[in-house]
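Novice: dropping the sequence and predicted coords here.
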Amino acid sequence: MSPDRSVHGRTPPGLRPGARIALDGLPLQVRSAGIARYTRALVGAMARLRPDARFLLLGLSQLARTVLRAVPPDAELALPTNVEWRRSSLYPLITGYPLPLPRIVPLRAATGRVDLFHATNYAMPRAPGVPLVVTVHDLALLRHPDLGTPALRRLVARTAYSVREARRVIADSEATRRDVIELLGAAPGQVRTVPLGCDALFTPGDAGAARRAVARHLGIAAPYVLHVGTIEPRKNLERLVVAFGRARREYRLPHVLVLAGAPGWGIEAVRARIAREGLADVVRLTGPVSGDQLLVLYRAAVLFAFPSLYEGFGLPALEAMACGTPVLSSNAAALPEVVGEAALMVDPCDDDALAAAIGRGISDSALRQHLQRAGPARAVRFTWERCAVATWAVYEDALR
């Protein structure tokens, strides 16, 4: 994946002065991991890019959030002055999500007049006369239905309707763009690839200080292999656990495996696998971690392992590379576009190759030094500023 290098120093195109752009803010109110980070980072970068524009985040009202048990409180989010929330109890009747309801209320009932709506989370509102843009992060559950719950499959299946209604579709990667065209029948000219960015806080740092912080705050003192992401089947964590145990035995490693991320619908299977493999003492599930904790986890890790069966982009792999941590990545879907030559790649379904790659990623000092240099050099090509410029260009294109 090669982000456009011409964006810096270029005056971005403009909508009319005072343009009002509405975006789906629901990912910031529910557990949506990567999509929440995308929404937050994109809105912040767009607000800085276009201080003349007004950005509205459409989300659930406090009453609706209480009923639906939405988290976390959006009041904790520091928003630029030209970004504001539009919370509405009508949200489910505007987008038909997160409840399976008909879209009988128009967007303007919550936002008033807007120049464009950007669906960041698959679901499209009923918005007569408003140009619509939708971001498709991945179509994993159309490729592999067994990797998601029925509710998730229903959400992704609705993407077909969103793509038909949208003037333009944004795909996180070329792999996702190909899927949108092949699986949903979108016209090639309708779909634009806009790579995600890497937060500026993810940089190489003092590994010793990071290890001490991890030991102090998370109780992990041993050297460790790290995975970051929601605990769900498409992350391929059962296979990672088995491969880690095998590499630990064959290479006589003292390392532990740290699985950092919110519990998803596949967590019980992962726990059962850990128990069957006799690895309960050397595999740690931390649960959700804060941004500061995530930074030190990356910096202190000996190896970052990301053997996903499918990713529409793969932010954790990019963040680990940015921190100078050697990365072991799957060669599936979009990950080769993201990591390039800066990671050790394996077939995620090849048990032998995965175990051997873990051992090599820990013990091969020449390889480790190469990856520690190549990772940050690769990661600097992906910024949220570039993502914002490219996204604004899609808005302009949709309005034309």
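Specialist: Done, it's in. Everything quoted here is computed from the prediction, not taken from an experiment.

Novice: CA only for contacts and neighbour counts going forward, please
Specialist: OK.

Novice: not counting sequence-adjacent ones, nearest residue to residue 324?
Specialist: Spatially, and ignoring its direct neighbours in sequence, residue 324 is nearest to residue 372 (4.6 Å; C-alpha to C-alpha, 6 or more residues apart in numbering).

Novice: now do whichever strand or helix holds that neighbour: which elements does it pack against?
Specialist: Per DSSP states H and E: residue 372 is located in helix 365-379. Using 3 or more C-alpha pairs under 8 Å, 6 or more residues apart in numbering; DSSP states H and E, the elements in contact with helix 365-379 are helix 315-322, helix 351-363.

Novice: other residues contacting that helix?
Specialist: 198, 203-204, 318-327, 339-343, 361-362 (C-alpha atoms under 8 Å, 6 or more residues apart in numbering).

Novice: residue 265 and residue 309, how far apart?
Specialist: 16 Å (C-alpha to C-alpha, to the nearest Å).

Novice: if you count surrounding residues, which of these two has more?
Specialist: The neighbour comparison of residue 265 against residue 309 (other C-alpha atoms under 10 Å) goes to residue 309, with 21 against 14.

Novice: list the contacts of the more buried one.
Specialist: Residue 309 neighbours (C-alpha under 8 Å, 6+ apart): 234, 235, 236, 330, 332, 333, 348, 349.

Novice: name the SS class of it, please.
Specialist: coil (DSSP: H, G, I helix; E, B strand; the rest coil).

Novice: what does the one 3 residues further on give?
Specialist: Following three-state DSSP, we place residue 312 in the coil state.

Novice: which residue, neighbours along the chain excluded, lies closest to it?
Specialist: Nearest one to residue 312, counting by C-alpha to C-alpha, 6+ apart, is residue 138 at 4.4 Å.

Novice: burial of that neighbour, as a residue count?
Specialist: 24.

Novice: OK, contacts around it?
Specialist: 171, 172, 176, 311, 312, 313.

Novice: show residues contacting stretch 197-207.
Specialist: Here stretch 197-207 makes contact (C-alpha under 8 Å, 6+ apart) with 41, 295, 299-300, 315, 318-320, 322-324, 376, 379-380, 382-387.

Novice: what's the answer for stretch 123-136, then?
Specialist: Residues from elsewhere that reach stretch 123-136 (C-alpha under 8 Å, 6+ apart): 94-97, 103-108, 114-122, 155, 158-159, 162-163, 165-172, 176, 180, 395, 398-399.

Novice: again, but for stretch 162-175
Specialist: 1, 122-124, 131-138, 177, 184, 186, 190-196, 312-313, 333-334, 337, 391, 394, 397-398.

Novice: now do stretch 346-359
Specialist: Against stretch 346-359 from outside (C-alpha under 8 Å, 6+ apart): 236, 239-240, 243-244, 246-248, 251, 303, 305, 307-309, 328-332, 344.
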